[in-house]
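In: What would the 3D arrangement of this be:
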Amino acid sequence: MSEPDVVGLTVAYETWLSEQIPVVRTDLAVKHEQLASSPLRFLRGTYYLWLCRMPSLLPDLADRPPVVAVGDLHAENFGTWRDRTGARRWGVNDLDELALAPYPLDLVRLATSVALVPDCALPARRLCRSIVDAWMSAPDRAAIEIGAEQARHLRDLLPVEPPPEEYFDELGAAPPADPSDLPSSVRAAVLASVPGGWEPTWHIRRAGTGSRGHPRVVAVSRHHAREAKLLGPGTAVWAGSRVTHAPTPDPSLYPAVVEALHGPGPSLRLDGWQIRRLAPDVARIRLDGLSIRDSERLVRSMAEAVAGVHGVDPGRLAAARSDCAALDERWLRDAVEVMSADVRAGYREWRRFTKR
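Out: Model prediction:
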């Protein structure tokens with residue numbers, strides 16, 4: 001197995017990104033520290049590396065049927081939101097890298113990320129079987145409502161929400177931002193997203209791993225918060241000039257997926273910015289420390305949620321499932337072994353680089 005050129009590809013990607021958007025250099029420095037904190041964090045922050053490495057390491061999976069793929073998928077890319085009717089749902093909550101891509105991209109990346117979760121009790125064989133079985137059999141439906149009977153296990157695992165005043169006070173304690181730095185259309189959309197008039201304070205927001213370095217601003221009041229993040233081109237655009245099997249971006253995918261899954265409200269992209277609601281009930285379930293039973297149930301729900309994204313184009317999902325049924329039953333486990341080893345090698349190389 002060839003060693004990943006972590007440093008060279010990181011420099012190339014960040015140089016390209018800085019030519020597309022005004023990156024926040026101090027945030028990139030923080031991201032570099034985050035990448036050295038754990039293999040899972042390294043995976044989360046180096047989707048550009050994954051797009052270069054997976055096709056060469058797993059060439060048999062590079063030409064499989066394409067689906068509407070999440071792309072930058074991992075175990076911490078699932079959470080709750082309120083849809084436009086107010087219903088609380090759970091599923092894939094980061095759709096920044098949607099593209100048409102071979103279905104193994106999402107399944108291998110999800111399984112690899114779970115395998116890298118510290119203290120995850122789920123054995124690799126059971127993990128991979130659960131993902132494939134749940135993805136193959138998932139019903140065609142919107143993201144699951146937390147109040148539904150079949151979501152009881154998710155309700156039981158959700159963390160306790162912080163008090164609203166504590167949550168909004170913490171957002172409002174961040175350094176101030178100048179709202180005039182936002183396009184006027186984006187600023188107006190943020191203000192219009194809260195009915196009845198709204199006079200928030202504006203603050204700089206620093207969050208995420210893969211998108212760390214993208215400018216973010218949050219508008220905050222005692223009861224509401226809205227984040228505006230500058231998106232820039234998807235990572236697949238950069239990878240398309242470097243590898244022959246890069247995902248194919250399509251701007252029409254985002255509104256289609258949000259509509260089909262009953263995605264977050266508001267969920268708005270405008271003039272290159274994405275606006276989303278922040279609130280105490282927007283939460284994530286962590287895998288580390290769960291029992292084998294709870295881990296397996298959560299992983300199966302993750303795979304079902306991924307199938308929901310893929311199923312936005314039912315014909316593509318059907319073709320992908322047909323292809324998957326013909327593969328050797330060990331295909332995902334073998335792929336996870338390869339990619340986990342590669343991520344760990346990249347992580348070690350990055351650690352060596354940061355310690356120089």
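In: only C-alpha atoms for contact and neighbour calcs from this point on.
Out: Will do.
In: show me where the stretch 51-200 of the chain has helices.
Out: Counting by DSSP state H, counting those that start in this stretch, one finds helices in the stretch 51-200 of the chain at the ranges 104-115, 124-137, 152-157, 164-172, 184-192.
In: Check those for me and report the most buried one.
Out: The highest mean neighbour count among the helices of the stretch 51-200 of the chain belongs to helix 104-115 (a mean of 25), with neighbours defined as mean count of other Cα atoms under 10 Å.
In: Any idea how far that helix is from the middle of the chain?
Out: Counting by Cα atoms, centre = their mean, to the nearest Å, helix 104-115 is centred 12 Å from the centre of its parent chain.
In: So which elements touch it?
Out: The contact analysis (3 or more Cα pairs under 8 Å, 6 or more residues apart in numbering; DSSP states H and E) places helix 104-115 against helix 124-137, helix 331-354.
In: Going along the chain, name the strands of the protein.
Out: Applying DSSP state E to the chain gives strands spanning 66-69, 78-82, 88-92, 99-102, 144-145, 201-204, 216-220, 225-230, 248-249, 267-270, 273-277.
In: Tell me which of the ones you listed approaches residue 126 most closely.
Out: Comparing those by their distance to residue 126 (Cα to Cα), the top pick is strand 78-82, with 20.3 Å.
In: Now that closest one: average pLDDT?
Out: Strand 78-82 shows an average pLDDT of 96 in the prediction.
In: Name every strand pairing with it and say which way it goes.
Out: Applying DSSP bridges, strand 78-82 is found paired with strand 88-92 (antiparallel).
In: Could you list the residues in contact with the partner strand?
Out: Applying Cα atoms under 8 Å, 6 or more residues apart in numbering, the contact partners of strand 88-92 are 77-83, 143-147, 302, 305-306.
In: now that strand: mean pLDDT?
Out: For strand 88-92, the mean confidence score works out to 97.
In: for stretch 158-169, same thing?
Out: In this model, stretch 158-169 has an average pLDDT of 96.
In: ok, the closest residue to residue 105 other than its chain neighbours - how many residues close by?
Out: Among residues not flanking residue 105 along the chain, residue 71 sits closest, at 6.7 Å (Cα to Cα, 6 or more residues apart in numbering). Close neighbours of residue 71, defined as other Cα atoms under 10 Å, add up to 28.
In: ok, residue 71 - contacts?
Out: Residue 71 touches 97, 98, 99, 101, 105, 106, 247, counting by Cα under 8 Å, 6+ apart.
In: mind running it again at 7 Å?
Out: Counting by Cα atoms under 7 Å, 6 or more residues apart in numbering, residue 71 touches 97, 98, 99, 105, 106.
In: Tell me how far residue 262 lies from residue 351.
Out: Distance, residue 262 to residue 351, by Cα to Cα, to the nearest Å: 40 Å.
In: residues contacting residue 204?
Out: Contacts for residue 204 were tallied using Cα under 7 Å, 6+ apart; they are 174, 175, 176, 177, 216, 217, 218.
In: And for residue 84?
Out: Residues near residue 84 by Cα under 7 Å, 6+ apart: 264, 265, 266.
In: how about it, phi and psi?
Out: Here is the backbone geometry of residue 84 (degrees, to the nearest 10): phi -70, psi -10.
In: where's it relative to residue 141, distance?
Out: With distances taken as Cα to Cα, residue 84 is found 17 Å from residue 141.
In: Understood, closing this out.
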